[in-house]
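# predicted model and sequence follow; I will ask about them next.
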Amino acid sequence: MKKLFFLTFFFCSALIISVSGQEENRPPTQSVYLELGGAGLPYSFNYDFRFNKNRIDSWGMRIGAGGYSTTDESFFSLPVMVNKLYGSGPHYFELGFGMTFFAFDDSYNDSYCIDGFIDSNGNWVCSQFESYSYSYILDVDGSPSIMGTLNFGYRRIPVDGGFTWKVNLNPIFNNNGFWPLYAGVGFGYAF
């Protein structure tokens, strides 16, 4: 399943790149990139595009997918953000906001015993439980869930397209709190 997802993602990316290569005089208003940290939480593969196909420094949108799976847990994230680039090639300030949908499955119990006693039969009886709560930087109430994301950062996009990279501060928030110091770094291809 994972292999199929990645093959589909890269096939679509290659198709977009080949179709966009036919338009000679258009600036690189689209990009595909891998982001570590950032709005995709641990990491994500992303597609970013400008709403105005003739201006890099305009409003745009990014959508991505990320996740992992181990023997004990699995995690899937889907970041969706609206962003605006300020500046002129190749240096841009990126400002954005959005949300990240995520789902997880772990093999840990939902609660565990923190106090108890031995009954008359010699069996341990738990008298006080504490709930286990999943957290990714901030506590999460359950799965699936949504985390709000902000984006403040630098993005380098060559004027003729090609290798692009970005560094961002990505504050995250949900109903359990706000964490201002989450960050991300990304690199990919602009076309």
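The structure has been received and is ready for your questions.

# roughly how far apart are the residue nearest to the spatial centre of the chain and Met81?
In the chain, the residue lying closest to the centroid (CA atoms, centre = their mean) is Gly40, at 0.8 Å. Gly40 sits 10 Å away from Met81, going by CB to CB, to the nearest Å. No exception for glycine: its C-beta is placed from N, CA and C like everyone else's.

# hmm, back to that, let me know the pLDDT of the residue lying closest to the residue nearest to the centre of the chain once chain neighbours are set aside.
Closest residue in space to Gly40, ignoring its immediate chain neighbours: Gly66 at 4.1 Å, by CB to CB, 6 or more residues apart in numbering. pLDDT for Gly66: 95.

# also the one 3 residues further on?
We have a pLDDT of 87 for Ser69.

# so it bridges to which residues?
Beta-bridge partners of Ser69, counted by DSSP bridges, are Ser74.

# residues near it, how many?
By other CB atoms under 10 Å, 12 other residues sit near Ser69.

# go ahead and confirm the residue nearest to Gly40 touches Thr100.
No - the pair Gly66 / Thr100 is not scored as a contact, 9.1 Å apart, by CB atoms under 8 Å.

# strands of the chain, residue ranges please.
Taking DSSP state E to define them, one finds strands in the chain at 30-37, 43-50, 59-69, 73-88, 91-106, 111-118, 124-131, 135-136, 138-139, 145-156, 162-169, 172-174, 177-179, 183-190.

# quickly list what Ala183 is bridged to.
Going by DSSP bridges, Ala183 forms beta bridges with Leu169.

# quick one, what contacts Asn170?
Going by CB atoms under 8 Å, 6 or more residues apart in numbering, Asn170 touches Gly37, Gly38, Ala39, Thr149, Leu150, Asn151, Phe152, Gly153, Tyr182, Ala183, Gly184.

# tell me which residue of this protein is furthest from the middle?
Largest separation from the mean C-alpha position in the chain: Ser120, at 53.0 Å (CA atoms, centre = their mean).
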